[in-house]
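Participant: Okay, here's the prediction I keep looking at, along with the sequence it came from:
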Amino acid sequence: MASIIFVTGNKNKIHEAELILKPFNISVSGVDLSIDEVQADDVEYIAKRAAEDAYKILQTSLIVEDSGLYIDALNGFPGPYSSYVYKTLGIQGILKLMADIKRRNATFKAAVAYTDGSTIKIFTGLSKGWISLEARGEGWGFDPIFVPEGSIKTFGEMSVDEKNFFSHRGKALMNFAKWFSNK
């Protein structure tokens with residue numbers, strides 16, 4: 001079985017990655033590093049820079065993931081700043097911003113950056129959907145207010161396996177796994 005280090009302090013992301021990568025015979029080890037996250041408008045660039053910085057410390061093959069929620073009616077806000085916006089405004093803050101908005105389309109985008117020191121590859125995944133009128137379910141981050149296309153449930157109402165099927169992170173990790181398995 002191949003293995004990969006996933007640089008993140010988010011145990012939820014590690015659990016999702018373990019479930020997604022296991023069928024590809026890839027085991028995941030989570031490593032929490034204190035790396036300054038570059039501020040940029042592009043999740044691919046943020047993930048790439050974080051992977052390069054993490055490699056300088058660990059000197060081994062690894063992946064890093066960055067994602068954002070892009071709400072059409074808010075001109076793509078909060079985008080790559082989703083984590084900060086979640087910590088400052090929270091779910092209720094986004095719902096308040098969306099209170100009188102009928103067009104609630106949104107897209108979650110994830111970028112997984114892989115590096116082995118000489119190669120860097122970026123794998124992306126998108127999940128199109130919409131913002132619900134109220135928070136439903138548990139989950140983490142904006143999961144309780146995002147309904148992916150093809151479902152009536154928010155990510156917060158789904159099991160981890162269900163969410164991985166629809167999720168942006170799941171799609172990005174699957175793209176990585178297909179490449180990594182054939183490398």
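Facilitator: Ah, there it is. Numbers count the residues shown, from 1 in each chain.
Participant: Just the buried positions in stretch 60-67, please.
Facilitator: Of the residues in stretch 60-67, Ser61, Leu62, Ile63, Val64, Glu65, Asp66, Ser67 count as buried by neighbour count, 16 or more other CB atoms under 10 Å. Where C-beta positions appear, they are placed from N, C-alpha and C, glycine not excepted.
Participant: so what's the first one closest to, chain neighbours aside?
Facilitator: In space, not counting the residues next to it along the chain, Ser61 is nearest to Asp116; the distance is 4.3 Å by CB to CB, 6 or more residues apart in numbering.
Participant: who touches Thr107 in this structure?
Facilitator: Leu69, Tyr70, Asp72, Leu126, Ser127, Lys128, Gly129, His168 (CB atoms under 8 Å, 6 or more residues apart in numbering).
Participant: Show me just the buried residues among the residues you listed.
Facilitator: Members of those classed as buried by 16+ other CB under 10 Å are Leu69, Tyr70, Asp72, Ser127, Lys128, Gly129, His168.
Participant: List the contacts of Arg49.
Facilitator: Taking CB under 8 Å, 6+ apart, we find Arg49 in contact with Val38, Ala40.
Participant: What of Gly125?
Facilitator: With contact set as CB under 8 Å, 6+ apart, Gly125 has these partners: Lys109, Ala110, Val112, Ser167, His168, Arg169, Gly170, Lys171, Ala172, Leu173, Met174, Asn175.
Participant: got the CA positions of the helix or strand hosting Leu95 in CSV?
Facilitator: Assigned by DSSP states H and E, Leu95 belongs to helix 90-97. This file holds the C-alpha atoms of helix 90-97, laid out as CSV (Å, rounded to 0.1, in the frame of the first residue of the first chain):
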residue,chain,number,x,y,z
GLY,A,90,-20.1,32.1,10.6
ILE,A,91,-23.0,30.4,8.9
GLN,A,92,-25.6,32.8,10.2
GLY,A,93,-23.6,35.8,8.8
ILE,A,94,-23.7,34.3,5.3
LEU,A,95,-27.4,33.5,5.7
LYS,A,96,-27.9,37.1,6.7
LEU,A,97,-26.0,38.4,3.7
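Participant: Can you list the neighbours in contact with that helix?
Facilitator: Everything outside helix 90-97 that qualifies as a contact, by CB under 8 Å, 6+ apart, is Ile71, Leu74, Pro78, Val85, Leu89, Ile131, Leu133, Glu134, Ala135, Phe142, Pro144, Ile145.
Participant: my guess is the first one meets Pro78, correct?
Facilitator: When you say that, I think you mean Ile71. Yes - if you go by CB atoms under 8 Å, Ile71 and Pro78 touch, sitting 7.5 Å apart.
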